[in-house]
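# Sharing a model that was predicted from the sequence below.
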Amino acid sequence: MTTTVDPATGPPPGARTAPAANPTLVGTFVALLLRDLTVLRKNLREFLPRTILQPLLLVFVFTYVFPKIGQSVGGAQGSAAFSTLLVAGVIGTAILFQGIQSVALPLVQEFGYTREIEDRVLAPLPIELVAIEKIVAGALQCLISALIVFPIARFVPATPVDLRITWWVLLTLAPLACVFSATIGLLFGTVFQPRTVPLLFGVIVVPMTFLGCVYYSWQSLEPIPWLQYAVLLNPLVYICEGFRAALTPVDHMPLTVIYGVIVAGTMAAGTVAIRFFQRRVIT
Amino acid sequence: MGDAPVAVTEHLTKVYPGGVRAVDDLNLEIRRGEIFGLLGPNGAGKSTTAGMLTTRVRPTEGRAVVGGVDVWEDPARAKRLIGVVPQSNTLDRALDVRENLYFHGRFFGMRARTARAEADLLLERFRLSDRATAPVMALSGGMAQRLMAARAVMHRPQVLFLDEPTAGLDPQSRIALWEILRELHTDGQTIVLTTHYMEEADELCDRLAIIDHGVVMALDTPEGLKRSVGADTVVTVTADGDLDRLGQVLTDRLGTATSAVVAVGKLQLGVRSADGVLPTVLSTAEDHGFTVRDLSVDVPSLEDVFIQLTGRELRD
C-alpha cells in the first residue's frame, strides 16, 4: 500500500498529531509584538492625527497665538520661559495619552463585546506574558509619539525654547516613562468596561492633564501647598517633571523622587493590572 | 490510532462563586482520533467542561489532562496541544482573513514563510481563498466559523475543541462545517465538541456524553445510547387527562412496552415491536376515557434518550 498526500484532503492520518512548529516563549512574545506593530502600521492614518493634533493645538495656542496677540501667559517669567516649560509637559502628556489610547482602549473592546482576548490568551504563553506584551507594545507606541511630538514642541513656539539636554536622564527616563504609561493603560484597560470608558476620559484623563504639572512646574506650586501635595497622586506629574529635568534648565523635583516613583509605580500598577488581567480571562 | 486516551478529566469539578455547581466530579477519557460530543441543554456544564480543558475556566477540584500535560500545571504548554473554536467570534478584527491565520502560525512558532504557505493552504481547504484579503468583519457567520476552525487546527493540535460550533448558523453553513469536521476526522484529528443539537451529535460523534446539571447521565456511541432506550419504536401520545395513569394502563395492555415517560405534556412509550401498536394505543386510551389529540411513531432518537434520562426536552 502506498501513501500519497492528496492536496485536497491534506496530509494522511497521523500526520496531524505532529506539532507544526516548536514555539519558544521569546518567539511567541515577539510574534505578538509583530502583530501589534502590524496593526499600528495598518492604522497609521488614525494613529498620526490622534497623536499630533492635541499637542499641536496646545503648543500653537499657548506659545504661538498668545505671544503674537500679546496675551500674557507664563506669569512673571514671560512667554519664552513658558514655551520651555511646556516642552516637557507636551511630551509627558503625549506619552500618557498614548499609553491609555494604545493599551487601555483596545483592551476594553477585546474584553468587552468582541471577546477577542479569549483568542489572544490562547497563544502558547503564560497569561502574565500576554499582559506584559501589551505593556511593551504600548510603550513602543508611547516612544513613537514622543518622537513625533518633540519637534512640534521645539519648533512651533513663536518664542525660543531653551533646550538643555541631560542625555543620561533623557535616555533612561524616556523608556521608563513609556513603560509606566503603558502599564497605567493596562490597568485602566482591565478596570474599565465599554460602558464606563467615557468616565475614563472625563473623570480621570482630563483632571490628570490639568493637574499634571504640564503647564507649570511642580515647584512653582509652592504658594498653594495643599495642591502641591495633592498632585503627587498624579502619575503624569513625575513624567512631566522627569522630562523637565532631561530637556530643560527649569527647576524640577529631585531626580530620586522622579525615578523612585516611576519605577515603584510601574511595579505596583503592573502587579495589580496583571492580576486583574488574569481575573478577566480565567473564570 | 493509539489506545491511550489523548485527553482525560479526573474528578473535574467547577463551583462558581455563589455556589453554582456547574460541573460535578466529571471523569472522561477522550480517545485519539475520535469525535467526542458533550450533549446537553443550555447550562448543563458543557462549556464549563470545555473551558476547563482549554485553560479558560479554572477547576475547583480535579484534573484536566491533554496530550499528557496537566492543563492547570502547565497551561502554556497545554495551549500548544489544543485548538479552540469558542462560542463567540474571537477573530482578530484589526487584521484581514489571511493575516488572522498568518499571525496565529507565528504565535505558534512558525517562520514567516511557513506561516504564509500554511495560511494559503488552509484558506483553500476551508474554502476561504477568495476572501483572503477581506476584513474579518465582512465575513458571514459561516465563513467566520470556518476561519476560526482553520485557525484552531493550524498549529496541529492534538485535540480540537469546538464549543457549540453551529449555534446560530444557517443550515447550509452548518452542513459545510460538518463536512470540514468530517474531513479533519478522516485525517486523524481528535475532536471534542459541545452541542445542544442532537442531530449534530448524532451525525458527527463517535461517542457522546449526555450531560445535565454538570453530571454525565450516559456515555456511549449514538447507536448504543439509542439502544439503551430498550425499544425499537417510540410512540408519543398527546392526550387530555392523567398521563401517568395512561402510561400505566398502556404498559399493562401492550406487553411490549419497555418504558413510559411523561415529559412536557406528552407521554412517551418505548415499544419493542411496533406491529399493531397504534390501534391498540388508540382504543385502549379511549376505553379508559382519554381523548387522544396526537399520536406519532418514530425510531428512538437522542432526544428520547435525553427525555428518558432527565424527564425534560433537550431544547428548553
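Done, it's in.

# For the stretch 1-150 of chain B, which residue gets nearest to chain A?
With CB to the nearest CB as the measure, residue B:109 is the residue of the stretch 1-150 of chain B nearest to chain A, at 3.0 Å. The way it works is simple: take the backbone N, C-alpha and C, and place the C-beta from them, glycine included.

# which SS class is the nearest residue to that residue once chain neighbours are set aside?
What sits nearest to residue B:109 in space, not counting adjacent residues and going by CB to CB, 6 or more residues apart in numbering or on different chains, is residue A:23, at 3.0 Å. Under DSSP: H, G, I helix; E, B strand; the rest coil, the three-state class of residue A:23 is coil.

# Tell me how many other residues crowd residue A:23.
The local packing of residue A:23 (other CB atoms under 10 Å in any protein chain shown) involves 24 other residues.

# same deal with residue A:160?
9.

# For it, what is the enclosing helix or strand?
Using DSSP states H and E, no element contains residue A:160; it sits outside every helix and strand.

# Can you pull the residues of the stretch 101-250 of chain B lying near chain A?
By CB under 8 Å from any CB of the partner chain, the residues of the stretch 101-250 of chain B that approach chain A are B:103, B:105-111, B:114, B:118, B:121, B:125, B:151, B:153-156, B:158, B:183-184, B:186-189.

# same thing but 10 Å
By the rule CB under 10 Å from any CB of the partner chain, the part of the stretch 101-250 of chain B lying against chain A is B:102-112, B:114-115, B:118, B:121-122, B:124-125, B:136, B:148, B:151-158, B:160, B:183-190.

# Spell out the secondary structure type for residue B:56.
Applying three-state DSSP to residue B:56 yields a three-state assignment of coil.

# quick one, what contacts it?
Taking CB atoms under 10 Å, 6 or more residues apart in numbering or on different chains, we find residue B:56 in contact with A:118, A:121-122, A:281-283, B:47-48, B:50, B:71, B:75, B:84, B:86, B:161, B:163.

# just residue B:237 next, same as before
With contacts defined as CB under 10 Å, 6+ apart, the neighbours of residue B:237 are B:243, B:246-247, B:250, B:260, B:262, B:266-269, B:281-282, B:285, B:290, B:292-296.

# returning to that earlier point: quick one: buried ones out of the residues of the stretch 101-250 of chain B next to chain A?
Of all these considered here, the ones buried according to neighbour count by 16 or more other CB atoms under 10 Å in any protein chain shown are B:102-110, B:115, B:118, B:121-122, B:125, B:136, B:148, B:151-158, B:160, B:184-185, B:187-190.

# The residues you listed in strands, which ones?
Of the positions in those, B:160, B:190 sit in strands, assigned by DSSP state E.

# Report pLDDT for the residue of the stretch 1-150 of chain B closest to chain A.
Residue B:109 carries a pLDDT value of 91.

# circling back: confidence score at the residue nearest to residue B:109?
In this model, residue A:23 is scored at 83, pLDDT.

# Surely it is in contact with residue B:81?
No: contact between residue A:23 and residue B:81 fails when scored by CB atoms under 10 Å: they sit 11.6 Å apart.

# Now for the two: what residues contact both?
Listed as contacting both residue A:23 and residue B:81 by CB under 10 Å, 6+ apart are A:124, B:155.

# Distance check, the residue of the stretch 1-150 of chain B closest to chain A against residue A:27.
Using CB to CB, to the nearest Å, one gets 5 Å for the distance from residue B:109 to residue A:27.

# Report the set of residues contacting both of these two.
Here residue B:109 and residue A:27 have A:21, A:124 as joint contacts, going by CB under 10 Å, 6+ apart.

# Quick check on residue B:64: phi, psi?
In terms of degrees, to the nearest 10, the main-chain angles of residue B:64 are phi -130, psi 130.

# which ones are touching it?
Counting by CB under 10 Å, 6+ apart, the residues that residue B:64 touches are B:7-10, B:12, B:26, B:28, B:49, B:51-55, B:57, B:70-72, B:78.

# among those residues, which are in reach of chain A?
The residues of these that also fall near chain A, by CB under 10 Å from any CB, are B:51, B:52, B:54, B:55, B:57, B:72, B:78.

# and of those residues, the nearest to residue B:220?
Proximity to residue B:220 was ranked across those by CB to CB; first place goes to residue B:52, at 22.7 Å.

# wait, the closest one sits on residue B:10?
No: counting by CB under 10 Å, residue B:52 sits too far from residue B:10 to count as a contact (11.3 Å).

# Now list whatever residues contact both of these two.
When contacts are counted by CB under 10 Å, 6+ apart, residue B:52 and residue B:10 are jointly contacted by B:26, B:59, B:62, B:63, B:64.
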